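Peer 1: Let me see the structure of the following:
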Amino acid sequence: MKAVVQRVTQSNVTVDGKIVSSIQNGLLILLGVSQNDREADADYLSDKIVNLRIFEDSAGKMNLSLLETGGEALVVSQFTLLGDCRKGRRPSFIDAAPPDKANQLYEYFTQKLKEKGISVQTGVFRAMMEVSLVNNGPVTMILESI
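Peer 2: Presented below is the predicted three-dimensional model:
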């Protein structure tokens, strides 16, 4: 499982010209699920992300987590994170999980965030989405499950 985590002041997802979800002050999480991922991967990543100290404290140091700031999360499923571009010019998505499995683990991941007390918004699984954000910092981290 792979996540691109961006600290944002605002972010939203638009489908068919309509905003379907939006957040203020928190994290935009682009989540890719691979064929070999399990619930343990989602457990690990959800815990890592909510406790990642990437928000500034009163001294301006990145010392606070999403949990500590009370920020929101916008989670967007993005299978293209699993694209392998090492050979040729067209990405291979052979490592991406099939849609049923990817959706199940995506839903499980978002539920884990909610159980930790995070306000969660989501994209629309398998829809053509436009994702907008204002990256705060900019701060962007790439995390993978173990």
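Peer 1: Quick check: what element follows the helix or strand hosting Gln111 along the chain?
Peer 2: Per DSSP states H and E, Gln111 falls inside helix 99-115. Note on helix 99-115: by DSSP H and E, the next helix or strand toward the C-terminus is strand 119-122.
Peer 1: elements contacting that next one?
Peer 2: Strand 119-122 sits against strand 18-32, strand 72-77, helix 99-115, with contacts defined as 3 or more C-beta pairs under 8 Å, 6 or more residues apart in numbering; DSSP states H and E. Quick note: C-beta positions are derived from backbone N, CA and C, even for glycine.
Peer 1: quick one: contacts of that strand?
Peer 2: 13, 21-23, 26, 72-76, 110, 113-114 (C-beta atoms under 8 Å, 6 or more residues apart in numbering).
Peer 1: With adjacent residues omitted, what lies nearest to the spatially most central residue of the chain?
Peer 2: In the chain, the residue lying closest to the centroid (C-alpha atoms, centre = their mean) is Ile29, at 1.8 Å. In space, and not counting its chain neighbours, Ile29 is closest to Val75: 4.7 Å by C-beta to C-beta, 6 or more residues apart in numbering.
Peer 1: What is the neighbour count of the one you found?
Peer 2: Val75 sits with 26 neighbouring residues when counted by other C-beta atoms under 10 Å.
Peer 1: Could you double-check that it sits in contact with Gly32?
Peer 2: No - with contact defined as C-beta atoms under 8 Å, Val75 does not reach Gly32; the gap is 11.5 Å.
Peer 1: ends of stretch 120-137, how far apart?
Peer 2: End-to-end span of stretch 120-137 (C-alpha to C-alpha, to the nearest Å): 22 Å.
Peer 1: What residues sit buried inside that stretch?
Peer 2: Going by neighbour count (16 or more other C-beta atoms under 10 Å), the buried part of stretch 120-137 is Val120, Gln121, Thr122, Gly123, Met129, Val131, Leu133, Asn136.
Peer 1: same thing with stretch 35-51?
Peer 2: Neighbour counts over stretch 35-51 (16+ other C-beta under 10 Å) mark Asp37, Asp41, Ala42, Tyr44, Leu45, Ser46, Lys48, Ile49, Val50 as buried.
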